[in-house]
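Chemist: Show me how the following folds:
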Amino acid sequence: MAYTRGEVDFLRDHRAEIAGATAGLALTRTSLIADTQALRKQFGDHARAVSELAAARRASVGNLPSDWLMCGDSAQQATAPAVAEVRAHRIASHLGTGAHVHDVTCSIGTELPVLADAGLTVTGSDLDPVRARMARINTGAAVAVADALTPPLRPGAVDVVVADPARRAGGRRITRPDRLLPPLPDLIGAHEGMPVAVKCAPGLDFSDWEGPVSLVSVDGGVKEACLYSPELGAGERREAVMISTTGRGGPRIDRITDRDRGGAGEESIAGPPGRYIIDPDGAVVRAGLVRHYALREGLWMLDDRIAHLTGDRVPVGTTGFRFIEQVPLKKLKAALRKHGCGSLEILVRGVDIDPDRLRRDLKQAGERPMAVVVTRIGSAGVALVCGPRTDGVDRS
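Modeler: Numbers count the residues shown, from 1 in each chain. Below you'll find the predicted structure:
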């Protein structure tokens, strides 16, 4: 829910009281009405705004600073810090530290501190005056109220524009660049001659974009596609950036582009199952870099047209499944029963099968955790019976 300007000022001026009063509340969707009623005794008509802020902060732990002003929508839409750092590093490495970045859809200021930490000069703007006010309070940066299509700064005053057009309309995801809000052609036209970095949904049709397209995942979940002007690349057209936050020593970043392995060629790299079956990270799949990734990691494909990989090791920082046997789909239930399958992870690609329905049909009652990869090899749908997910490290 949106705030009024008066509510934003109240939230800013009563941070300590809000933190104390909301510490013991559940702050869930089902408890929202009860929580707001409890807060009304202390905060009166501002209770709704207080409960909204507290719930948004709790939901964004690890993603946004705990003392920031935010609403539920702005917190949910915020870019993960590790993803923003990848973008800031690219901009700084190509334009140099000190380059002036204008985030024309800065919302509550999520990326401004990350860009500044990379040595870049930052300015923000947002069409929503309340969000722009929260951004100023949160970051201390210069933030204007402006339409992304009407730059508030004079031409030539900035070196690169960052934008995050709305990716949904009428509750449905937008898949065409010309239907983003604002439309991508209009956005580019409004900043003609300026390098841009435009954040988009991973499913966007970016086939006509001339510069680098970077697909970024965090812990296996694809978060965004970012379209960069050619000036912000080194000749690559597609990139997959895989960020892992689960290890020690900070995030681990793995990057692969279509320039790796000399373009990967068109020759077949398909072969029979190896020791492990690997389902590539979604960023690699969406970037169309499965072959590049396979060649880099010494893996091969089960079928040149299907994005399942196999090999005799699991790449560092990823997981796979120890291969047991390949069976026709009609014999899968019997094979799983033979192996004493209990809990089951199901992966499907290239075959028209609903994993949930398949799980119900299999009705496994054993105790052994297992996995099954349902895929297509040649013209046949097959099932690869496997052990549970593993990183391939022998800890015996």
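
Chemist: how's the chain carved up into domains?
Modeler: Domains of the chain are assigned by automatic domain parsing as 5-73, 81-256, 319-396.

Chemist: how distant is the first one from the center of its chain?
Modeler: Translated: domain 5-73. 26 Å (C-alpha atoms, centre = their mean, to the nearest Å).

Chemist: What is the end-to-end distance of that domain?
Modeler: 16 Å (C-alpha to C-alpha, to the nearest Å).

Chemist: Check the average confidence over the helix or strand where residue 73 lies, would you?
Modeler: Applying DSSP states H and E as the criterion places residue 73 in helix 72-77. Average pLDDT, helix 72-77: 92.

Chemist: What residues sit buried inside that helix?
Modeler: Using 16 or more other C-beta atoms under 10 Å as the test for burial, helix 72-77 gives 72, 74, 75, 77. Every C-beta, even on glycine, is put in place using the N, C-alpha and C of the backbone.

Chemist: any chance of those residues in a markdown table, plus distance to residue 107?
Modeler: Listed next are the buried residues of helix 72-77 as a markdown table, based on distance: C-beta to C-beta, whole Å:
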| residue | distance to residue 107 |
| --- | --- |
| 72 | 13 |
| 74 | 5 |
| 75 | 10 |
| 77 | 7 |
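
Chemist: before we move on, the earlier item: got CSV for the domains of the chain, with distance to residue 272 too?
Modeler: Shown next, in CSV, are these (distance: least, C-beta to C-beta, whole Å):
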stretch, distance to residue 272
domain 5-73, 42
domain 81-256, 25
domain 319-396, 8
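
Chemist: which one of those domains lies closest to residue 310?
Modeler: Within these, the stretch nearest residue 310 is domain 319-396; the backing value is 7.1 Å (C-beta to C-beta).

Chemist: Could you tell me the average pLDDT over that closest one, please?
Modeler: What domain 319-396 shows for mean pLDDT is 94.

Chemist: Now for the buried residues of helix 72-77: which two are most distant?
Modeler: The most widely separated members of the buried residues of helix 72-77, counting by C-beta to C-beta, are 72 and 77 (9.6 Å).

Chemist: helices and strands around the helix holding residue 73, which ones?
Modeler: If contacts are counted by 3 or more C-beta pairs under 8 Å, 6 or more residues apart in numbering; DSSP states H and E, helix 72-77 sits against helix 47-59.

Chemist: ok, residue 29 to residue 35 distance?
Modeler: Noted for residue 29: a distance of 10 Å to residue 35, by C-beta to C-beta, to the nearest Å.

Chemist: Looking at the chain, which helix is longest?
Modeler: helix 81-95 (DSSP state H).

Chemist: what's that helix in contact with?
Modeler: Residues from elsewhere that reach helix 81-95 (C-beta atoms under 8 Å, 6 or more residues apart in numbering): 63, 99, 101, 110-111, 114-115, 117-120, 159-160, 162, 195, 197, 214, 216, 218, 223-224, 226, 228, 231-234, 241, 243, 245, 251, 253.

Chemist: do stretch 294-305 as well
Modeler: 256, 260-261, 264, 268-271, 273-274, 277-278, 280, 290-291, 293, 307-311, 313, 315, 350, 375-378, 384.

Chemist: Quick one: buried ones out of those?
Modeler: For these, buried by 16+ other C-beta under 10 Å: 256, 260-261, 264, 269, 273-274, 277-278, 280, 290-291, 293, 307-311, 315, 350, 375-377, 384.

Chemist: In helices, which of those fall?
Modeler: Counted as lying in helices by DSSP H, out of the buried ones among the contacts of stretch 294-305, are 290, 291, 293.

Chemist: Just the closest of the residues you listed to residue 143, please.
Modeler: Set against residue 143, the nearest of those by C-beta to C-beta is residue 293 (39.6 Å).

Chemist: contacting residues for the residue nearest to the spatial centre of the chain?
Modeler: For the chain, the residue nearest the mean C-alpha position is residue 223 (1.1 Å; C-alpha atoms, centre = their mean). Applying C-beta under 8 Å, 6+ apart to residue 223 gives the contacts 79, 80, 83, 202, 216, 217.

Chemist: try 6 Å this time
Modeler: 83, 216 (C-beta atoms under 6 Å, 6 or more residues apart in numbering).

Chemist: Please report phi then psi for it.
Modeler: Main-chain torsions, residue 223, degrees, to the nearest 10: phi -100, psi -40.

Chemist: separation between it and residue 325?
Modeler: Going from residue 223 to residue 325 by C-beta to C-beta gives 36 Å.

Chemist: all strands for the stretch 151-300 of the chain, in order.
Modeler: With strands called from DSSP state E, counting those that start in this stretch, the stretch 151-300 of the chain shows them at 160-163, 168-169, 172-173, 196-200, 213-218, 221-228, 238-244, 252-257, 276-278, 300-303.

Chemist: Lowest average confidence across those, which one?
Modeler: Here the lowest mean pLDDT among the strands of the stretch 151-300 of the chain goes to strand 168-169, at a mean of 74.

Chemist: quick revisit: give me whichever of the domains of the chain is most buried.
Modeler: Ranked by mean neighbour count under mean count of other C-beta atoms under 10 Å, the domains of the chain are led by domain 81-256, which reaches a mean of 18.
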